Structure formats: structure tokens, C-alpha cells
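Student: need coordinates for the following:
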Amino acid sequence: MRRSVIFSFIIIFLLTSGLGCKGLSKTQQDAIKPVELTYWRVFDDSDSMTEIINAYHQLHPQVTITYRKLLPDEFEKELINALAEDRGPDMFSIQNTWVGKYQSKIAPLPASVKSTFQSIEGTVSKQLVVTTKNIPSLTIKQIKDNFVGVVAGDVARRDATTSEEKIWGVPFAVDTLALFYNKDMLDKAGIGTPPKTWDEFLNDVIAMTKISADNKIIQAGAGIGGSTNVSRAFDILSVLMMQGGTTMALDDGTPEFHAIPQNYNQEIGPGEQALRFYTDFANTTKKGYTWNKTMPNSLDAFTRGLAGFFFGYSYNIPLVEARAPKLNYSVVPIPQLNPDAPINLANYWVETVSKKSAHQDESWDFIQFAASAKQIQSYLNKTKKPAALRELIAGQKDDPVIGPFAQSALTAKSWYKGRDANAAETSFLQMIDGVTNETALNDTEAYKKALQQASTRVGQTVIGP
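Tutor: Numbers count the residues shown, from 1 in each chain. Next comes the predicted model:
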């Protein structure tokens, strides 16, 4: 930090005194004109990026970056309005499921970026040296090779105008769905180790669930089975479907989770089996009954000691510890249907550049600089997030906080949910409600109907790849 500030002062002195500009061509003088970039993100405070921004500024003193953190609830509305009114940021974050939705507003990563460097040479007579280079950008192959597998499928998409596949964003971290568990509750139920499979999970839920004589849930084994009062119910059901072999969407984005895949040798499709398994936890006639609409939000239930298991991400850890600082809990990867072929679920943000930015080269240059293994480490250390780069995963696997999330990143997947991921989530919650009401309990076709209706709703928001 100190070195960067001193270097900047030297640059400013040379430029204002006129000493440093001697010998510079008109092109070089234009190249070092001040560039101001604005950067909008959520969740992370500005200090999470301070070291990276300072390191970039030291190489490119003409570039200043203004960082703004927005609240999650206001972020998307403010971003859309700002972009429409031409007052939007040069760089911004979007969820991995939003890439298709925002593609028309994004400047794709170019094949190379023009980057201007400044340095001071000379011992007695200081001279400013300006060098402009065309730096090759990340390629799709490098995205596939260097980042965890889920990334390429999310950020590499065809350009509607050229039909060429391009990169539309680069992640700093990749979070995964994990299983939080209350150690004391497992101990009291005689459960020695947290579950690795869904069969073990079901047995553990049964062992921990306590129901009163008047059929009220006193203690839930897990926050699962419901819709709006289960945090990330959409994600839990999605990963159950994916683990069972459900084709979530075709190559063109058309939803397929309602269908039975070819060569699938069971009468009930994997999507329906997953929906049945999930909602059975909220079905009073099933042995795994542990949840209903009267329960609080699953995160609240977990932090209040009312539920033994909670499904969440690494970003939930500060919330758990703030609400229940004395809670004796730990985290493990989510249970698997087939532990030998694990499938996990990714949920993360990618950094991208506005199509309306007047400084697209500088913006993409900074994002690639920040995402490099050398630079991103300081961000990961400060935010306690699992890495997106493969080479950094090994160093995080044994971390007591983010280890379970990092372990799952290499086998994490996602699926394209159309141009409105929020609508897809609402469709899944409606699907869950559609089969947990009393009328549906005796309707053998209710699950197929609910799946088909949800698929139709998601399909209405699908755009081309």
C-alpha cells in the first residue's frame, strides 16, 4: 500500500512538473490520461478488494477504481435502472444463473486488451516510461482448464450477433451447497458421524425428529421438505434431481426435468423421484416427516436449536455465528445418491463489464488481473470464500471453515434456468406446494402434473444459448 502511494506521488510530480513527459509521444501522452472505473458488487466490503486494486493501480497509475457495495435486495433493481439511464458501472457482479439474462447488457471478453503500463527509470534524472501492450485474454480453453468445471458452462455462451462462443464473465470464487449440522443434537440421537448418503440422512432425520402427542413438531431433524420456509429449497431439490440423473435442460436451454431420460429403466423418472423424496419430509404419512408450514425459516430453526440439519453456503456461516455464537455446529459436503460419482451444486457470482462502458479494455484487464492466482488469494483470505481456480482448491480442502465447500467445487454443477432465474425458483416452490397440500397426497398423478407445470413455466423464460 505504502509503496503504491509513493509511486503514485512520483508519477503525479513528474506529470505536473512536465519533467516526466519529455520524450513521450502524443500517443503515449493520450495513453496515460486519467481513467476512472466504477465497480459494483454485493456482500463484500471494499477492503476485500483493496490490495488487488492497489496492486493494479501501481502498474497503471492512470487508472482509478471506485468500488461500491450494494445491498442484495436492492442490487439488481439499481443495476438495471442505472444501465438503462447510462449511469451504470463499468464493471459489476452477476449471479452465475443471470448470465443469459444480462448477456445483451454485457461487453464480452475480447481476444486481447490494450493495457498501458507506467514505470520510473533513471537514478538521478527520473524519467517516466510508458508502454502499451496488447495482452491476450483468457480463452475458453483456459477457462475450462484453469477454473472448476462448472464455470465454463455458465460463462461461455454464443454471441447473438456473430454466433461465436465468447466469455461473458469471470468468477473470483465458487460456492457450493453444504450440510450444516448441530453436533449436540447428533450426539443425543446417538449419531456418531454426519451422513454421507441420502439414506443415512433420512435415518438421521428420523432419529432426531421429535413430535408431540398432538402431532406438533417439537424438534425437526432437518429444514427440508417445504417451500418458502426452507432456505434454498430450490437448490436442494435441484441437486437431488441432478444426482438422480435428471436432465435439467437440453442444450438449447429447454427444461427437461419433468421427463424420463432415454434408457432410464424405471417407471418413475428421476425428477419425480427427487420431488417425492424431498416433499416426503413434509408429508405426515411418511416415516421421515419432520417439517411443515408452521415451522420458522430453516436457518432460524437451525440457529435456535430447533433443527439438526441445515442446507446452506459458505456465506451463511457469518449469519449462523452472529445469531448463535455458542452453537456447537460443523459443516460437511451434502449427502450423495452415489458417493463414487458425487454431484454438488454451485452458487456463485461472476465479474463482468458493461456494454456501455467507455473503458472496456481497462475494465476487462482489471478483472482478469484480479482473478489471477497471484492476486485473488488476498480476496479469498479476507472473505473466506472457496476458490474458483483449480490450483487453489488443494490449499483450501483442509481449511476448517471453507474446506467442505472447496471439496465440493470440483464436482459442482449448475443448470440454465432461462432469462429469469427468480421465475424458475418461484416455479419450483409452487411445484413443492402443489404436492404437499392435502388434495395432492392421495393423487398419484399430482407429482407428474406439478413437474410438467413447473417445466412449462421455466420454459417460458428460456432464451437461446
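
Student: ok, now which ones touch the residue most central in space within the chain?
Tutor: The centroid of the chain falls nearest to residue 348 when counting by C-alpha atoms, centre = their mean (0.8 Å). Counting by C-beta atoms under 8 Å, 6 or more residues apart in numbering, residue 348 touches 95, 96, 171, 173, 174, 175, 388. Backbone N, C-alpha and C define where each C-beta goes, glycine included.

Student: ok, now with 7 Å
Tutor: Applying C-beta atoms under 7 Å, 6 or more residues apart in numbering to residue 348 gives the contacts 96, 171, 173, 174, 175.

Student: then residue 295?
Tutor: Contact analysis of residue 295 by C-beta under 7 Å, 6+ apart lists 217, 220, 229, 301.

Student: just put the residues you listed in CSV and tack on distance to residue 162, neighbour count and secondary structure.
Tutor: CSV is the format used below for the contacts of residue 295 (distance: C-beta to C-beta, whole Å; neighbours: other C-beta atoms under 10 Å; DSSP: H, G, I helix; E, B strand; the rest coil):
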residue, distance to residue 162, neighbour count, secondary structure
217, 56, 19, strand
220, 52, 29, strand
229, 46, 20, coil
301, 50, 24, helix
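
Student: ok, the residues you listed vs residue 288, which is closest?
Tutor: Distances from residue 288 to the contacts of residue 295, taken as C-beta to C-beta, are shortest for residue 220 (10.9 Å).

Student: just the pLDDT for that closest one.
Tutor: The model reports residue 220 with a pLDDT of 98.

Student: wouldn't it be in contact with residue 290 here?
Tutor: Yes. Using C-beta atoms under 7 Å, residue 220 makes contact with residue 290 at a distance of 4.8 Å.

Student: quick check: closest non-adjacent residue to residue 257.
Tutor: Excluding its sequence neighbours, the residue lying closest to residue 257 (C-beta to C-beta, 6 or more residues apart in numbering) is residue 271, at 4.5 Å.

Student: wasn't the one you found part of a helix?
Tutor: Yes. Under DSSP: H, G, I helix; E, B strand; the rest coil, residue 271 sits within a helix.

Student: show me the contacts for it.
Tutor: Counting by C-beta under 7 Å, 6+ apart, residue 271 touches 241, 246, 257, 258, 451.

Student: next one: residue 188
Tutor: Per C-beta under 7 Å, 6+ apart, neighbours of residue 188: none.

Student: residue 352 too?
Tutor: 92, 94, 106, 168, 169 are the contacts of residue 352 under C-beta under 7 Å, 6+ apart.

Student: check which helix or strand covers it.
Tutor: Using DSSP states H and E, residue 352 maps to strand 349-353.

Student: same check, this time on residue 261
Tutor: Short version: residue 261 belongs to no helix or strand, going by DSSP H and E.

Student: what's around it, how many residues?
Tutor: A count of neighbours around residue 261, defined by other C-beta atoms under 10 Å, yields 13.

Student: who touches both of residue 220 and residue 290?
Tutor: Joint contacts of residue 220 and residue 290 (C-beta under 7 Å, 6+ apart) are residue 209.

Student: thinking again about what came up before, measure the residue nearest to residue 257 to residue 282 for me?
Tutor: The gap separating residue 271 from residue 282 is 18 Å, by C-beta to C-beta, to the nearest Å.

Student: equivalent analysis for residue 61, please.
Tutor: The gap separating residue 61 from residue 282 is 59 Å, by C-beta to C-beta.

Student: same deal with residue 253?
Tutor: Note on residue 253: its distance to residue 282, by C-beta to C-beta, is 30 Å.

Student: who has more neighbours, those two?
Tutor: Taking neighbours as other C-beta under 10 Å, residue 253 and residue 282 compare with residue 282 leading, 24 against 20.

Student: sec struct for the more buried one, please.
Tutor: Here residue 282 is coil, with the state taken from three-state DSSP.

Student: ok now do it, which residues does it touch?
Tutor: Counting by C-beta under 7 Å, 6+ apart, residue 282 touches 225, 226, 291, 292, 436.

Student: coming back round to it: which of the contacts of residue 352 fall within strands?
Tutor: Judged by DSSP state E, the contacts of residue 352 include 92, 94 as members of strands.

Student: I'd like the contacts of residue 352 as CSV, with neighbour count and distance to residue 149 appended.
Tutor: Shown next, in CSV, are those (neighbours: other C-beta atoms under 10 Å; distance: C-beta to C-beta, whole Å):
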residue, neighbour count, distance to residue 149
92, 29, 25
94, 22, 20
106, 21, 22
168, 21, 17
169, 27, 16
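
Student: mind picking the two most distant members of the contacts of residue 352?
Tutor: Across the contacts of residue 352, no pair lies farther apart than 92 and 168, at 12.2 Å, counting by C-beta to C-beta.

Student: now name the helix or strand holding residue 129.
Tutor: Using DSSP H and E, residue 129 sits within strand 127-136.

Student: export that strand as PDB, just CAs?
Tutor: C-alpha atoms of strand 127-136 as PDB (Å, rounded to 0.1, in the frame of the first residue of the first chain):
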ATOM      1  CA  GLN A 127      12.100   9.600 -16.500                       C
ATOM      2  CA  LEU A 128       8.600   8.300 -17.000                       C
ATOM      3  CA  VAL A 129       8.400   5.300 -19.300                       C
ATOM      4  CA  VAL A 130       5.100   4.400 -20.900                       C
ATOM      5  CA  THR A 131       4.500   1.100 -22.600                       C
ATOM      6  CA  THR A 132       1.200   0.000 -24.200                       C
ATOM      7  CA  LYS A 133       0.800  -3.700 -24.900                       C
ATOM      8  CA  ASN A 134      -1.900  -5.900 -26.400                       C
ATOM      9  CA  ILE A 135      -2.400  -8.600 -23.800                       C
ATOM     10  CA  PRO A 136      -4.100 -11.900 -24.800                       C
END
